[in-house]
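Trainee: When you get a sec, could you give me coordinates for this:
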Amino acid sequence: MVRSLFLLCFLVLSSCIFNVSTSEMVLLPLTHSLSKTQFTTAHHLLKATSSRSAARFKNHHRRQKQISLPLSPGSDYTLSFSLGSAHSPSVSLYLDTGSDLVWLPCAPFECILCESKPPLTPPLNLSSSASPVHCQSSTCSAAHSFHSTSDLCAIARCPLDDIEISDCRSFSCPPFYYAYGDGSLIARLFRDTLTLPNSFTIHNFTFGCAHTTLAEPVGVAGFGRGVLSLPAQLASVSPQLGNRFSYCLVAHSFDSDKVHRPSPLILGRYEEKEKQFQKERVKFVYTDMLENPKHPYCYSVGLERISIGKTKIPAPEMLKRVDSKGSGGMVVDSGTTFTMLPASLYNSVVSEFDHRVSKYYKRATQIEEKTGLGPCYYYDKTIKVPVVALQFLGNESDVVLPRRNYFYEFLDGSDGTSEKRNVGCLMLMNGGDEEELIGGPGATLGNYQQQGFEVVYDLEKRVVGFARRQCSTLWERLKRN
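Mentor: So this is what the prediction gives:
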């Protein structure tokens, strides 16, 4: 009898271990949070979004203490999970591959200058199972830009004799300050159980709890390359799930009516399952990640050139590598909307694009001034524009963009203030001269240009991959299987 019970317990335990260690994939929904219904006109929408993209990009080149975080109004995609007990209410955070910290508003919560920025979910009430991170923890050091634990424990008022023998575990990690674009926050580190929507749990998950922020009422789920990021903490529990993730952003053109299904966020690998239900073979093109010593949390890649039709425009050398100062490369970023390019490349791209289009369509200069985008053109019923493609470093690493990813068409005058006319604008932006970009990325690939692609981040192979997909269909297929 005892032997039978032992065998039964062993089998049950083995089954639990097997399920965790061999789980290939976790599927999570991403919700698009930015819609033209939030704005009075298309001009307002585009101006707000282009301004936010520019501010986020420029923030990468500011002082070392700052990190890049999403800026209101809305980063674009949100992820939900719960912290604490299994019955705790879920919290919604912005997905951000450009930062490596998970932080969220905690009660009591004050957001300064947030009158026009409603929160997505109520502030978190810390559960009884939450515990503060102590000052000797490596995660405490990571949150404080890797200051020494001795310094941090001294700030936490741990006695000198205890610091000398590393016996400060009863002293909490000091609050940390982060500044970004047009806001900032003060937070403390805590640990608790994180539960994903599919009931997958991560015990002792480390996150920042912010009681005061400036101009940012919504937290961030950092998916960058750092020890505090969600993938890194997931990898400590299940390397198969944490060392590779992908998302497929449903094309929306800022129209919430077009988004009937969520965008799939896929943790782990699923190629074998993919082949079981899809006849068409999906082809990914991969390019190597570049290491950035100043911004190690970024997913930087090398850009070889941009093609406008059959014309190939070489990228400047700074986009092909990252130097010791952290300058160069292109960051693949889920939190920036529009792609930012250095001025020299941007001007060449715009010149070639305009050379091909302005022969047949009139420039809409007033629209360019109102939206911050350009070139823009008026047209009657349809407009023909050249194909735009990005060539990353590596063999056959060409990514041809769908037209909707780089050319936005809308009806000007729909608010009744002017004559109604069809307008189309190129959705790329000028990031500034190379001298201004020293110490940070040379370019950013925004999420608008990533729509309709599955973008894979493989942390083991250190590559980023792209494949054209029907993202809403992919969600249904993966959910069904």
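
Trainee: In the stretch 201-350 of the chain, what residue spans correspond to strands?
Mentor: Per DSSP state E, counting those that start in this stretch, the stretch 201-350 of the chain has strands spanning 201-214, 220-222, 244-248, 263-268, 285-290, 300-301, 303-308, 311-314, 330-332, 339-341. These are given in chain order.

Trainee: Which parts of the stretch 1-150 of the chain are helices?
Mentor: 2-21, 42-59, 138-143, 149-155 (DSSP state H, counting those that start in this stretch).

Trainee: Please identify the buried residues of the third one?
Mentor: Along helix 138-143, the positions that meet the burial threshold by neighbour count (16 or more other Cβ atoms under 10 Å) are 139-143. Placement of C-beta: from N, CA and C, glycine included.

Trainee: With respect to L104, which of the residues you listed is nearest?
Mentor: Nearest to L104 out of these is A143 (Cβ to Cβ; 14.2 Å).

Trainee: In this structure the closest one contacts L189, no?
Mentor: Yes - judged on Cβ atoms under 8 Å, A143 makes contact with L189 at a distance of 5.6 Å.

Trainee: Touching both of those two, which residues are there?
Mentor: 173, 176, 208 (Cβ atoms under 8 Å, 6 or more residues apart in numbering).

Trainee: tell me the contacts of the first one?
Mentor: So the one you mean is C173. 132-135, 137, 139-140, 143-144, 152, 156, 188-189.

Trainee: just to revisit the earlier point, any idea which of the helices of the stretch 1-150 of the chain scores lowest on pLDDT?
Mentor: Mean pLDDT across these is lowest at helix 2-21; the value there is a mean of 34.

Trainee: give me the number of residues near K381?
Mentor: 5 (other Cβ atoms under 10 Å).

Trainee: how far away is it from L120?
Mentor: 39 Å (Cβ to Cβ, to the nearest Å).

Trainee: what do you get for A364?
Mentor: 35 Å.

Trainee: Neighbour count for the two, which is higher?
Mentor: A364 (22 against 17).

Trainee: Excluding chain neighbours, what is closest to the more buried one?
Mentor: Spatial nearest neighbour of A364, chain neighbours left out: C376 (4.1 Å); criterion: Cβ to Cβ, 6 or more residues apart in numbering.

Trainee: what sits against the closest residue to L234 other than its chain neighbours?
Mentor: Closest residue in space to L234, ignoring its immediate chain neighbours: G242 at 3.6 Å, by Cβ to Cβ, 6+ apart. By Cβ under 8 Å, 6+ apart, the residues touching G242 are 231-236, 267, 459.

Trainee: For G242, give its distance to N395.
Mentor: From G242 over to N395 (counting by Cβ to Cβ), the distance is 28 Å.

Trainee: I figured C135 was touching L152, is that so?
Mentor: Yes - in this structure, C135 is within contact of L152 by Cβ under 8 Å, at 4.7 Å.

Trainee: Let me see the confidence value for Y448.
Mentor: Taking Y448 on its own, its pLDDT is 92.

Trainee: looking at this, it is in a strand?
Mentor: No - counting by DSSP: H, G, I helix; E, B strand; the rest coil, Y448 is located in no strand; its state is helix.

Trainee: quick revisit: to L79, which of the strands of the stretch 201-350 of the chain lies closest?
Mentor: Here strand 220-222 is closest among these (Cβ to Cβ), at 5.0 Å.

Trainee: what comes into contact with that closest one?
Mentor: Against strand 220-222 from outside (Cβ under 8 Å, 6+ apart): 69-70, 75, 79, 81, 93-96, 99-104, 228-230, 297.

Trainee: Who is the residue nearest to A364 paired with across the strands?
Mentor: Beta bridges link C376 to C425, judged by DSSP bridges.

Trainee: where in the stretch 51-200 of the chain is pLDDT low?
Mentor: 51-52, 54-56, 58-75, 180-182 (pLDDT under 70).

Trainee: ranges for the strands of it?
Mentor: Using DSSP E, counting those that start in this stretch, strands in the stretch 51-200 of the chain cover 77-83, 91-96, 102-112, 131-132, 176-180, 183-195.

Trainee: TSV for these, including distance to C425?
Mentor: What follows is the strands of the stretch 51-200 of the chain, written out as TSV (distance: least, Cβ to Cβ, whole Å):
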stretch	distance to C425
strand 77-83	22
strand 91-96	25
strand 102-112	33
strand 131-132	49
strand 176-180	27
strand 183-195	28
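
Trainee: mind putting the ones you listed in TSV, distance to F353 and mean neighbour count included?
Mentor: As requested, the strands of the stretch 51-200 of the chain are arranged in TSV below (distance: least, Cβ to Cβ, whole Å; neighbours: other Cβ atoms under 10 Å):
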stretch	distance to F353	mean neighbour count
strand 77-83	28	23
strand 91-96	30	24
strand 102-112	39	19
strand 131-132	54	14
strand 176-180	32	19
strand 183-195	34	21
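
Trainee: Out of those, flag the one nearest F338.
Mentor: strand 77-83 (14.7 Å).

Trainee: so how far is the closest one from its chain's centroid?
Mentor: 13 Å (Cα atoms, centre = their mean, to the nearest Å).

Trainee: And for stretch 165-180?
Mentor: Worked out by Cα atoms, centre = their mean, stretch 165-180 lies 27 Å from the chain centre.

Trainee: Please apply the same query to stretch 426-444.
Mentor: Counting by Cα atoms, centre = their mean, stretch 426-444 comes out at 18 Å from the chain centroid.

Trainee: List every C-alpha atom in stretch 140-155, with coordinates, as PDB.
Mentor: Output in PDB follows, covering the C-alpha atoms of stretch 140-155 (Å, rounded to 0.1, in the frame of the first residue of the first chain):
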ATOM      1  CA  CYS A 140      17.900  45.800  -6.200                       C
ATOM      2  CA  SER A 141      21.300  46.700  -7.800                       C
ATOM      3  CA  ALA A 142      19.800  46.300 -11.300                       C
ATOM      4  CA  ALA A 143      17.000  48.700 -10.500                       C
ATOM      5  CA  HIS A 144      19.600  51.200  -9.300                       C
ATOM      6  CA  SER A 145      21.700  51.100 -12.400                       C
ATOM      7  CA  PHE A 146      23.900  48.400 -10.900                       C
ATOM      8  CA  HIS A 147      25.100  50.400  -7.900                       C
ATOM      9  CA  SER A 148      26.900  48.300  -5.300                       C
ATOM     10  CA  THR A 149      24.800  46.500  -2.800                       C
ATOM     11  CA  SER A 150      26.900  48.000   0.000                       C
ATOM     12  CA  ASP A 151      26.000  51.500  -1.100                       C
ATOM     13  CA  LEU A 152      22.300  50.600  -1.400                       C
ATOM     14  CA  CYS A 153      22.300  48.900   2.000                       C
ATOM     15  CA  ALA A 154      23.900  52.000   3.600                       C
ATOM     16  CA  ILE A 155      21.100  54.100   2.000                       C
END
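
Trainee: buried sites along that stretch?
Mentor: So for stretch 140-155, counting by 16+ other Cβ under 10 Å, buried means 140-144, 149-150, 152-154.
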